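Trainee: Below are the sequence and a predicted model; questions follow.
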Amino acid sequence: MLFAILLLMLASLACTRGDVPVPVAIPTEGGELVEPTAEPTLVPAEPTAAPTQAPTEDGELVEPTPLPAPVFFLREEVMSGRVALEIPKIGVTSYLRMAEEAMGPNGPYFTKPGEHPLWIPGWGAEIGNVGVALIYGHRQWGPVPKVFTALDRLEIGDTISVIGEEKTLTFTVSESVVVDPENFWATFFRSDDAALQEGRVQIALVTCTPWGTARQRLIVFAELLPKEVSNDLIEIEP
């Protein structure tokens, strides 16, 4: 009886060891057999703490300067009708409206501006974000001057402000260009791409030119002045 039990235990051990795969020799390029190399044991590296302080030349640690949070206008703010465009040099103070886009036989077109300048969402940046935000308006209807009638008087260094209920972004004119209508979008997107690559925040004011015609387009580019954020509330007539 004891002999039978021993036989059963040996058979069980043999089956258990048979389940373990035997290492197979690996042939080299010369045909010789070499034993397989055991898989290395991976030891997890100790996590490295990210430095929270920057050393000075003297070796002292100083707290890093936090980056300012970007300030820009949401679409809902523009849609509310309480965001205004102010151009002191030419006496413009007018609420912005948001253009609507539609598709025609020759491609997309936008709402015609009336008394107020229109911001085009989705074609460029949001106002205050990196890139170029596009705003357009009329110069005249017949003999009647409109919001951008004197836009051609703006010069490099003149200021343009976008004013909300709790913030103000001030831009300074950097360039004015006149292009034919068929070249407008290529010119605009070239400037928008450059601003995106260089991290600059701009707006572009667009209208027809010369005054009384629609032969060409006048584009006034302006760049955001640093740290130009104000909490002053400015009353503007709608």
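Mentor: Thanks, I have it.
Trainee: Contact partners for A204?
Mentor: Residues near A204 by C-beta atoms under 8 Å, 6 or more residues apart in numbering: 124, 132-135, 188, 191, 219-222. Using the backbone N, CA and C atoms, a C-beta is placed for each residue, glycine as well.
Trainee: go again using 7 Å as the cut-off
Mentor: For A204, the contact set (C-beta atoms under 7 Å, 6 or more residues apart in numbering) comprises 132, 134, 188, 191, 219-221.
Trainee: Could you do G81 as well?
Mentor: Y95.
Trainee: cool, S161 as well?
Mentor: If you count contacts by C-beta under 7 Å, 6+ apart, S161 has them with 86, 168-170.
Trainee: Give the rounded mean pLDDT of the helix or strand where A194 lies.
Mentor: Element membership for A194 (DSSP states H and E) is helix 184-198. The pLDDT scores in helix 184-198 average 95.
Trainee: Now do the buried residues in it.
Mentor: Neighbour-count burial for helix 184-198, counted by 16 or more other C-beta atoms under 10 Å, picks out 187-188, 191-192, 195.
Trainee: List of residues touching it?
Mentor: With C-beta under 7 Å, 6+ apart, helix 184-198 has contacts from 124, 130-132, 134, 177, 179, 202, 204, 217, 219, 221.
Trainee: please redo it, this time with the cut-off set to 8 Å
Mentor: Contacts for helix 184-198 (C-beta under 8 Å, 6+ apart): 124-125, 130-132, 134, 177, 179, 200-202, 204, 206, 217, 219, 221.
Trainee: returning to what we had before: got a winner among the contacts of A204 for most neighbours?
Mentor: Counting neighbours by other C-beta atoms under 10 Å, V132 leads the contacts of A204 with 26 neighbours.
Trainee: On the strand side of things, show who it bridges to.
Mentor: Per DSSP bridges, the residues bridged to V132 are Q202.
Trainee: Hmm, it is touching I120, no?
Mentor: No. Between V132 and I120 there is no contact under C-beta atoms under 8 Å: 10.8 Å.
Trainee: Now the residue nearest to D152 when sequence neighbours are not counted: which helix or strand?
Mentor: Residue nearest to D152 in three dimensions, not counting chain neighbours: L218, with 5.9 Å by C-beta to C-beta, 6 or more residues apart in numbering. Using DSSP H and E, L218 maps to strand 216-224.
Trainee: pLDDT on that strand, on average?
Mentor: Per-residue scores along strand 216-224 average to 97.
Trainee: Neighbouring strands of it in the sheet, and parallel or not?
Mentor: strand 168-179 (antiparallel), strand 201-209 (antiparallel).
Trainee: what's the angle from that strand to helix 184-198?
Mentor: For strand 216-224 against helix 184-198, the angle by axes from the mean of the first three to the mean of the last three C-alpha atoms, to 10 degrees is 10 degrees.
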